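# sequence and predicted structure, then a few things I'm wondering about:
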Amino acid sequence: MSLEAVVFDLDDTLFAERQYVLSGFRAVAKWLDEEHGVPAGPAFSELRDLFEAGVRLTTFDEWLDGRGLSHAVETRELVEVYRNHVPAIAPASGIEGLLERLGHRFRLGLVSDGYAQVQRGKFAALHLAQHFQAVVFSDDLGRAYWKPSPRPFEVVAERLGIAAANCVYVADNPTKDFIGARSTGMRTVRLRRPDGVYALAEPPTDAHAPDFEVTETAALGPLLEDKLRGGGSAGPQERTDPGLRQVGETNYTPRTIASAERPTNV
Ligand SMILES: [Mg+2]
């Protein structure tokens, strides 16, 4: 193998998903204020508190119940405002420099899951498109091809013109990000920032585990450029590299390249 392309996930890889969530809550709170006279400040704080308390998927239901507004406002209206808002998000610290640097040596791709319109809105808000030679929103391929389907990874490799075996996928969520990528022959790196929504998630099986794990953006450059790039030919030589975890091995023991020294942000 030799590394020729780096493919990135979007949420909690290129930017902090939490930032998007809060941006969405702000838009929802503003809408509630305008449409229903619910003061935006407290509404935003309450939604944020639910999120910080770990509520997922039922946040709006719980908030409406708690406010006694279930009869007046429909959850789907809030979801619509949330999904259609123009997100106020920015690339995670160090990402722009990393993409610039990697762009000199590799082709760069993106594979992102979720509703295509929502994901496109996020990607546009980040202003990073100029760095990528191939961008795949799995939703465009069909709902059946959301991760963990291997299909979006096959498509991105095809569009990059690089064999999947010479690509690496950088992402954050072990429940769905790595198993499909690995099945196409890509190597995988988990970016496990302490403030990530999935920072505490563990791979459900060995097949879901990444080959490498880093805890900060700054560790990605050295890993991709030095550790993974050299490579040489595939086969026995690669197997002896102690830093590379091979598909089929048991026991999830990713090699942590760097420790985070950043404080948690909540
Ligand atoms: Mg993600």
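That came in fine, so what should we check first?

# all contacts plus neighbour counts: C-alpha atoms, from now on.
Will do.

# who does the residue in the chain that the ion sits nearest to bridge with?
Proximity of the chain to the ion (C-alpha to the ion) peaks at Asp11, 3.9 Å away. Asp11 forms beta bridges with Phe15, as assigned by DSSP bridges.

# what score does it have for pLDDT?
Asp11 is assigned 97 on the pLDDT scale.

# the stretch 1-150 of the chain: helices as residue ranges?
All helices of the stretch 1-150 of the chain, identified by DSSP state H, counting those that start in this stretch, fall at 17-36, 40-52, 59-67, 75-84, 95-103, 116-126, 138-141.

# list the contacts of the fifth one.
Think helix 95-103. Leu14, Leu108, Leu128, His131, Thr217, Ala218, Leu220, Gly221, Glu225 (C-alpha atoms under 8 Å, 6 or more residues apart in numbering).

# tell me the two of those residues that are most distant?
Using C-alpha to C-alpha, the contacts of helix 95-103 span at most 20.5 Å, a distance reached by Leu128 and Glu225.

# returning to that earlier point: distance to the ion, pLDDT and neighbour count added to the contacts of helix 95-103, as a markdown table?
What follows is the contacts of helix 95-103, written out as a markdown table (distance: C-alpha to the ion, whole Å; pLDDT from 0 to 100; neighbours: other C-alpha atoms under 10 Å):
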| residue | distance to the ion | pLDDT | neighbour count |
| --- | --- | --- | --- |
| Leu14 | 8 | 98 | 26 |
| Leu108 | 17 | 98 | 24 |
| Leu128 | 16 | 98 | 16 |
| His131 | 18 | 98 | 16 |
| Thr217 | 14 | 96 | 19 |
| Ala218 | 18 | 96 | 16 |
| Leu220 | 16 | 96 | 23 |
| Gly221 | 19 | 94 | 15 |
| Glu225 | 22 | 90 | 15 |
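
# which ones among the residues you listed map onto strands?
Leu108 (DSSP state E).

# okay if I get the contacts of helix 95-103 as CSV plus distance to Thr184?
Shown next, in CSV, are these (distance: C-alpha to C-alpha, whole Å):
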residue, distance to Thr184
Leu14, 22
Leu108, 17
Leu128, 26
His131, 24
Thr217, 25
Ala218, 27
Leu220, 22
Gly221, 23
Glu225, 22
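
# from the contacts of helix 95-103, pick the one nearest His71.
Closest to His71, out of all of the contacts of helix 95-103 and judged by C-alpha to C-alpha, is Leu14, at 38.6 Å.

# that closest one reaches Pro91, doesn't it?
Yes - look at Leu14 against Pro91 with C-alpha atoms under 8 Å: they come within range, at 5.7 Å.

# if I read this right, Leu220 contacts Phe212, doesn't it?
No - the criterion here is C-alpha under 8 Å, and Leu220 misses it with Phe212 at 10.1 Å.

# which residues of this structure lie near the ion?
Counting by C-alpha under 5 Å from the ion, the chain comes close to the ion at Asp11, Asp12, Asp172.

# okay, those residues in CSV with neighbour count next?
Converted to CSV, those look like this (neighbours: other C-alpha atoms under 10 Å):
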residue, neighbour count
Asp11, 23
Asp12, 24
Asp172, 30
